[in-house]
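In: Curious how this folds, go ahead:
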Amino acid sequence: MIGDTATDIPAVRSDPSSAQLAELQGLCRQWLVMWCRYRREYMAIARFDTTDPILFAATGQQLVYVCRAAELAVA
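Out: Numbers count the residues shown, from 1 in each chain. As a prediction, the model looks like this:
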């Protein structure tokens with residue numbers, strides 16, 4: 001049963017800082033890294049030709065992983 005109190009609402013994670021985004025951008029140099037406020041996820045747009053030019057991930061670590069996997073798939 002779902003309750004109707006404020007404690008039943010899941011916590012929303014805060015937006016990443018510009019320093020965190022800059023660190024991710026440094027790790028994913030062939031991608032344009034952004035935070036999607038609507039989806040509340042990280043987003044990366046490829047700067048090279050690939051079958052999946054836009055990637056989404058819940059965490060920065062996952063984003064680095066999927067970006068690297070996409071780069072290796074092209075190589």
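In: For the rest of this, base every contact and every neighbour count on C-alpha atoms.
Out: Noted.
In: Show me which helix runs longest in the protein.
Out: Looking across the chain with DSSP state H, the single longest helix is helix 60-74.
In: Show the contacting residues for residue 27.
Out: residue 64 (CA atoms under 8 Å, 6 or more residues apart in numbering).
In: next one: phi and psi at the residue nearest to the spatial centre of the chain?
Out: Centroid-nearest residue in the chain: residue 42, 1.9 Å away (criterion: CA atoms, centre = their mean). Dihedral pair for residue 42: phi -80, psi 150, per degrees, to the nearest 10.
In: in stretch 13-29, what's buried?
Out: 21, 24-25, 28 (16 or more other CA atoms under 10 Å).
In: Make a markdown table from the residues you listed and add pLDDT to it.
Out: Shown next, in a markdown table, are the buried residues of stretch 13-29 (pLDDT from 0 to 100):
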| residue | pLDDT |
| --- | --- |
| 21 | 96 |
| 24 | 97 |
| 25 | 97 |
| 28 | 97 |
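In: Return the subset of these lying in helices.
Out: Using DSSP H, those in helices are 21, 24-25.
In: Kindly provide the distance from the nearest residue to residue 64 once chain neighbours are set aside to residue 13.
Out: Distances taken as CA to CA, 6 or more residues apart in numbering put residue 28 closest to residue 64, at 6.5 Å, once the chain neighbours are dropped. Residue 28 sits 23 Å away from residue 13, going by CA to CA, to the nearest Å.
In: hang on, isn't residue 54 packed against residue 43?
Out: Yes: assessed by CA atoms under 8 Å, residue 54 is found in contact with residue 43 at 7.0 Å.
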